[in-house]
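1. please work out how this folds:
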Amino acid sequence: MKIAMCRVDERLVHGQVIASWSKILSIKQILVIDDQMAKDSFMGTVLAMAAPSGVKVELICVDEAVRRIKKEGGQEGVNTMLLFKVPQYALALVEKGIGIKELNIGNMGAGPSRKAISRNVYASQAEVDIFKKLLNMGIKVYLQMVQQESRVDIAAKL
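-> Below is the predicted model:
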């Protein structure tokens with residue numbers, strides 16, 4: 001698989017992922033990586049049904065993602081999007097040896113323990129700490145809802 005994009009978006013497989021990113025990047029496979037959700041076969045079915053024709057969607061845990069990426073490589077093959085509901089699983093993937101160069105932050109909704117980072121991104125202190133850790137590891141973490149918008153370095157917002 002060729003990792004074409006890594007994105008955090010709590011809405012997962014939805015309009016912006018389908019209409020914008022998957023077409024622009026010629027995505028043929030979306031791996032939704034989430035240890036909690038991977039236990040829910042119904043959710044896996046729902047996500048697969050939401051995908052456009054010709055795009056395979058799988059809901060897997062971090063360990064399975066690590067195994068598959070290491071086995072298949074991340075530079076050649078099917079254009080793949082790694083999609084996370086929360087940033088903790090992106091960090092877990094990196095900590096288990098998967099080299100991610102960039103992490104796109106699409107949408108993280110408001111909540112009682114979350115503060116505004118941008119109009120569409122709210123983060124708890126723990127999530128801010130994850131972003132800072134990823135930045136310190138040399139990963140470019142940026143805000144960008146759709147391809148037509150400019151990238152905004154998250155470091156400037158933390």
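2. what about the strands in the chain?
-> Using DSSP state E, the strands of the chain run over 2-9, 29-33, 56-60, 79-84, 102-107, 115-116, 122-123, 140-143, 152-153.
3. need the ones you listed in TSV with distance to Arg67, can you?
-> Quick note: C-beta positions are derived from backbone N, CA and C, even for glycine. Shown next, in TSV, are those (distance: least, CB to CB, whole Å):
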stretch	distance to Arg67
strand 2-9	15
strand 29-33	12
strand 56-60	9
strand 79-84	14
strand 102-107	21
strand 115-116	36
strand 122-123	29
strand 140-143	25
strand 152-153	32
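4. can you add mean pLDDT and distance to Leu91 and give these back as JSON lines?
-> Formatted as JSON lines, these follow (pLDDT from 0 to 100; distance: least, CB to CB, whole Å):
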{"stretch": "strand 2-9", "mean pLDDT": "95", "distance to Leu91": "10"}
{"stretch": "strand 29-33", "mean pLDDT": "95", "distance to Leu91": "11"}
{"stretch": "strand 56-60", "mean pLDDT": "93", "distance to Leu91": "17"}
{"stretch": "strand 79-84", "mean pLDDT": "95", "distance to Leu91": "9"}
{"stretch": "strand 102-107", "mean pLDDT": "96", "distance to Leu91": "9"}
{"stretch": "strand 115-116", "mean pLDDT": "96", "distance to Leu91": "19"}
{"stretch": "strand 122-123", "mean pLDDT": "98", "distance to Leu91": "13"}
{"stretch": "strand 140-143", "mean pLDDT": "98", "distance to Leu91": "10"}
{"stretch": "strand 152-153", "mean pLDDT": "96", "distance to Leu91": "18"}
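5. make a markdown table out of those strands and add mean neighbour count and distance to Asp40.
-> Listed next are the strands of the chain as a markdown table, based on neighbours: other CB atoms under 10 Å; distance: least, CB to CB, whole Å:
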| stretch | mean neighbour count | distance to Asp40 |
| --- | --- | --- |
| strand 2-9 | 21 | 18 |
| strand 29-33 | 23 | 11 |
| strand 56-60 | 19 | 8 |
| strand 79-84 | 24 | 15 |
| strand 102-107 | 22 | 21 |
| strand 115-116 | 12 | 29 |
| strand 122-123 | 22 | 24 |
| strand 140-143 | 20 | 27 |
| strand 152-153 | 14 | 33 |
